[in-house]
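Asker: got a sequence here, can you build the structure:
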Amino acid sequence: MLAWISVPISRSRPSPAAGPPSRPHWLLLALFTLAAIWINLATPLYEAPDEWAHFAYAVALRQTGRLPVIPDDLPRISHEIGQPPLYYGLIALAITPFDLSDFPTVAPANPYWREGGGRVVHYHSRAENLPAAGTALAVRAARLVSTLLGLATIVFTHRLAGLILPRAAGIAAALVAFNPQFAFMSATITNDALITALAAAVLFAAARLLLNPTSRPAAFVALGVLTGLAALAKPGGLGLVVIAAWVILVPLALHAGISLSRAMGHGLLAAAGFALTAGWWFWRSTLLYGDPLAWQALLLANAPLIRPQPLSWPAAIAYSLPLKRSFWMAFAYGIFGPESFYRVVDGIVLLGLAGLAAGFYRRLWSGAAGRVLLLLGAWIVLYYGLLLRWIRVAEASNQGRLLFPALPALAILLAAGFVTYGRWRPFIATPALTFLGAWTLAAPLILIGPYFAWPPALEHSDPRRGLEEARFGDQMALHAVSLETRRWEPGREVNFDLFWQALEPIGESHVLALRILDSENRVVATVDRLPAAGRFPTPMWVLGEIFRESHRLPPIAPDAAPGLARLILIVYPFARQDQPLPVTRGGVPVPPPLVLAEGVIPDLGAGQPEEAAPLAVFGSIGRLVDAQISPAEQGRIDLTLTWQALAGDGRSYQVFVHLLDDSGELVAQADGPPQGGRYPTSIWTAGDWIVDPRQIQLPAGQQPGRYLLFAGLYHLDDGVRAAAAAADGTPLAGDQVFLGAIEIE
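Answerer: I've put the predicted structure just below:
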């Protein structure tokens, strides 16, 4: 796949006259387009950074036919209203064929997102999926404009690199195309796509002029026009004016056949191209806001993000450090790659920079080619400085995509570094590009898609569709609970599924509060979460559809009391925990919380006693393996029974301990479920050890003498005892086991 970039490097200096390939390899462009379309389809509407605001700007242009004004149009367009209009004009043209009457209602904003109310910024429906119509289809189509601009960026990067380093052109183009974050932004609605493409075009035009400073006047006009278009794309595009000045002044400084008058003429031509293209925009800003840059109006549009006091420059640099990660992969509002991805990318960048430094040290690039590389490096530094200026005044501004206008320059510098490795280049560049390309193509499948995936809906044949376990208010029904296990060990997570159905449209987001209570009624595991980890808030539920939602509770607390535990659920409106929804079962009100299931927290500290032979075996329920009996004193007998659970039959049995006299008459007893009901036999799991302390209270004035102690199990409903047998299988008389004789003094 990457054989077309595996060209050996010559130790001789590159010749600018060497003709570059006319365009990047078609396979690179095809793979990039495939990745972008895949990302487009995998990303729900408006889930890219500021995508709704960008689209709203374009919709306003189309519907009103005029440019917006700050602050009059701020409520309908949001903070992107301060941006220059070129990108939004392109989007407005692209969405002209579509019916946008449903724009106000499609994918409404999630009002709780900033407060932690889910991972989706907007509520979505299946109407967004293809084949879509109206606004949903218009958004997908508008995203294709960004994809075309991304392709333009790749082409200009390839051509720019080919001017000075033909052997690096393929690598540079691939470093742009296979940047996963660039592919994501090229698949969504953002003016970063346009400014990046125009930056690549301006750098290409500037490099050609550096290589041939005596070019025709039209080339300088074209440079001014491209720079003006960049200024109409984003405020940072004004930084390219410095690049235009660079290519006019450097040949003059080098006396490359350029006189002062001729350089001034070139400057006037470029300025004329700029003024004809973008001058009207700055004149409009001056008339409206009293400032050609409309800086105060821009700050007003972004008022919620503006800092009370600007950061110092060192603080701004520190705040910008996350750029290193988000420049390569930080999709939507919280989708990051594994740490290994960023470590490998760091290695790729370091190898490229090391090779670049070695190339300059070995004087591989000199003359015009070296000046072009220095120009690219200067653009990176300049644009980073412009971004730092914005970081100083605005929060949430340390995003790698904001540095993308420097991406073509960075890609070319890294590619130049790779080609210096000579015959080792294929063993460095090819694995690096394959790694980046694989992640770019796989990201929609393994990161973006799962991040937004809806829980699976049940088939009509699923028997759980006919159940209705509980209703919360009048809006939602819980049909069933499916537990992975009812044995909830301390230190382990608890996994289970809930089966939900929306009975009515749900206009408000609700939180599921899930708790596990131990046998002492203490909370030992808890989580409050939106359905499907925030992917599927209740306003997105499909009316009448039953779906399965998987849950994973945090590990059970180490100090959880062994025995019977309960999984409970409370549903409450977001941020209103004190207003739980009322619960009914079969039309009968049930006070919250709702008990979803019972389980057992095993006593991991209880182990097998030294004497493993059982005293008795009670059917399939359990074995009595030990009985520790204290002498009778102060009118009572203390004893501890140790049980080992078998398979059990799911029924709750009472443990009885009877004290009989010589004639077999009952004198005293200690009956009740194991551990006072905290560890009933209904939850016993094979292999569990249950330590069951008991106390027999003796009747007042009990006569001294020898008494007999027996134990067994019986069912409370009918009093029938569980079958008891000795260790060798011999049935025990009365289905009870003799524990020993007690002397009462």
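
Asker: please count neighbours and contacts with C-alpha atoms only from this point.
Answerer: OK.

Asker: give me the contacts around the host helix or strand of L299.
Answerer: Using DSSP states H and E, L299 sits in helix 295-301. By Cα atoms under 8 Å, 6 or more residues apart in numbering, the surrounding residues in contact with helix 295-301 are 70-71, 74, 78-83, 289, 306.

Asker: kindly report the same for stretch 108-126.
Answerer: Residues from elsewhere that reach stretch 108-126, judged by Cα under 8 Å, 6+ apart: 44-47, 106-107, 333-334, 452, 509, 530, 533-537, 539-540, 542, 574.

Asker: could you do stretch 346-355 as well?
Answerer: Stretch 346-355 is contacted from outside by 413-421, 432, using Cα under 8 Å, 6+ apart.

Asker: tell me which residues in that stretch are buried?
Answerer: Buried residues in stretch 346-355, counted by 16 or more other Cα atoms under 10 Å: 348-349, 351-355.

Asker: nearest to Q669 among those?
Answerer: Closest approach to Q669 among these (Cα to Cα): I348, at 77.6 Å.

Asker: relative to A411, how far out is that closest one?
Answerer: In this view, I348 and A411 are 11 Å apart by Cα to Cα, to the nearest Å.

Asker: could you find the closest non-adjacent residue to R515?
Answerer: Using Cα to Cα, 6 or more residues apart in numbering and skipping residues adjacent in sequence, the residue nearest R515 is T526, 4.4 Å away.

Asker: what mean pLDDT would you report for the helix or strand containing the one you found?
Answerer: Applying DSSP H and E as the criterion places T526 in strand 523-529. For strand 523-529, mean pLDDT is 93.

Asker: point out the other helices and strands that it packs with.
Answerer: Helices and strands touching strand 523-529, by 3 or more Cα pairs under 8 Å, 6 or more residues apart in numbering; DSSP states H and E, are strand 510-517, strand 546-553.

Asker: swap in 6 Å and give it another go.
Answerer: On a contact count with 3 or more Cα pairs under 6 Å, 6 or more residues apart in numbering; DSSP states H and E, strand 523-529 meets strand 510-517.

Asker: now G89: how far from T286?
Answerer: As judged by Cα to Cα, G89 and T286 stand 21 Å apart.

Asker: could you do L311 as well?
Answerer: For L311, the distance to T286 equals 28 Å [Cα to Cα].

Asker: between these two, who's got more neighbours?
Answerer: Each of L311 and T286 has its neighbours counted (other Cα atoms under 10 Å); L311 has more, 18 against 14.

Asker: quick one, phi psi at Y653?
Answerer: The phi/psi pair for Y653 (degrees, to the nearest 10) reads phi -110, psi 150.

Asker: can you give me the pLDDT of the spatially closest residue to it that is not a sequence neighbour?
Answerer: Among residues not flanking Y653 along the chain, H715 sits closest, at 4.6 Å (Cα to Cα, 6+ apart). Per-residue pLDDT puts H715 at 90.

Asker: quick one: the residue nearest to R515 from I570, how far?
Answerer: Applying Cα to Cα, the value for T526 to I570 is 11 Å.

Asker: more neighbours: which of these two?
Answerer: The neighbour comparison of T526 against I570 (other Cα under 10 Å) goes to I570, with 21 against 18.

Asker: tell me the contacts of I556?
Answerer: 490-492, 524-525 (Cα atoms under 6 Å, 6 or more residues apart in numbering).

Asker: could you find the closest non-adjacent residue to it?
Answerer: Using Cα to Cα, 6+ apart, the closest residue to I556 is P490 (4.5 Å).

Asker: tell me the phi and psi of the one you found?
Answerer: P490 has phi and psi values of phi -50, psi 140 when expressed as degrees, to the nearest 10.

Asker: before we move on, what about the one 10 residues further on?
Answerer: According to degrees, to the nearest 10, the main-chain angles of W500 amount to phi -110, psi 160.

Asker: what's across from it in the sheet?
Answerer: L478, F547 (DSSP bridges).

Asker: I'd like the distance between it and A480.
Answerer: 8 Å.

Asker: swap in S509?
Answerer: 21 Å.

Asker: residues near Q697, how many?
Answerer: Other residues close to Q697 by other Cα under 10 Å number 16.

Asker: dihedrals phi and psi, it?
Answerer: Residue torsions, per degrees, to the nearest 10, at Q697 are phi -90, psi 120.

Asker: contacts only, for it.
Answerer: Neighbouring residues of Q697 by Cα under 6 Å, 6+ apart: R636.

Asker: turn the buried residues of stretch 346-355 into a markdown table, including distance to A406, pLDDT and secondary structure.
Answerer: Shown next, in a markdown table, are these (distance: Cα to Cα, whole Å; pLDDT from 0 to 100; DSSP: H, G, I helix; E, B strand; the rest coil):
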| residue | distance to A406 | pLDDT | secondary structure |
| --- | --- | --- | --- |
| I348 | 17 | 96 | helix |
| V349 | 15 | 96 | helix |
| L351 | 19 | 96 | helix |
| G352 | 16 | 95 | helix |
| L353 | 15 | 95 | helix |
| A354 | 19 | 95 | helix |
| G355 | 19 | 94 | helix |
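
Asker: quick one: which helix or strand includes I195?
Answerer: I195 belongs to helix 192-211 when assigned by DSSP H and E.

Asker: name the next helix or strand downstream of the strand or helix carrying G224, please.
Answerer: Counting by DSSP H and E, the element that carries G224 is helix 217-231. Using DSSP H and E, the next helix or strand after helix 217-231 towards the C-terminus is helix 240-253.

Asker: what about that next one, average pLDDT?
Answerer: For helix 240-253, the mean per-residue pLDDT is 88.

Asker: more neighbours: which of W500 and A480?
Answerer: Using other Cα under 10 Å, the more surrounded residue of W500 and A480 is W500, with 26 against 19.

Asker: which residues does that one contact?
Answerer: Residues in contact with W500, defined by Cα under 6 Å, 6+ apart, are 477-478, 546-547.

Asker: follow-up on the earlier one: what's the average pLDDT for the helix holding I195?
Answerer: On average, helix 192-211 scores 96.

Asker: and that helix, what does it pack onto?
Answerer: The contact analysis (3+ Cα pairs under 6 Å, 6+ apart) places helix 192-211 against helix 134-164, helix 217-231.

Asker: report the angle between the axes of whichever helix or strand comes after the longest one and helix 134-164?
Answerer: Put plainly, it is helix 134-164. On the C-terminal side of helix 134-164, the closest following helix or strand by DSSP H and E is helix 169-177. Calculated by axes from the mean of the first three to the mean of the last three Cα atoms, to 10 degrees, helix 169-177 forms an angle of 150 degrees with helix 134-164.

Asker: any idea of the mean pLDDT in helix 169-177?
Answerer: For helix 169-177, mean pLDDT rounds to 96.

Asker: ditto for stretch 552-569
Answerer: Taken as a whole, stretch 552-569 has a mean pLDDT of 92.

Asker: same question, stretch 336-347
Answerer: 96.

Asker: mind listing what's buried along that stretch?
Answerer: Within stretch 336-347, judged by 16+ other Cα under 10 Å, the buried ones are 336-337, 341-342, 345.

Asker: on that earlier part again, how far out from the middle of the chain is the strand holding T526?
Answerer: Centroid separation for strand 523-529 versus its chain: 21 Å, with Cα atoms, centre = their mean, to the nearest Å.

Asker: tell me the strands beside it, with direction?
Answerer: Short version: by DSSP bridges, strand 523-529 pairs with strand 510-517 (antiparallel).

Asker: what angle do the partner strand and strand 546-553 make?
Answerer: Inter-element angle recorded for strand 510-517 and strand 546-553: 50 degrees (by the same axes, to 10 degrees).
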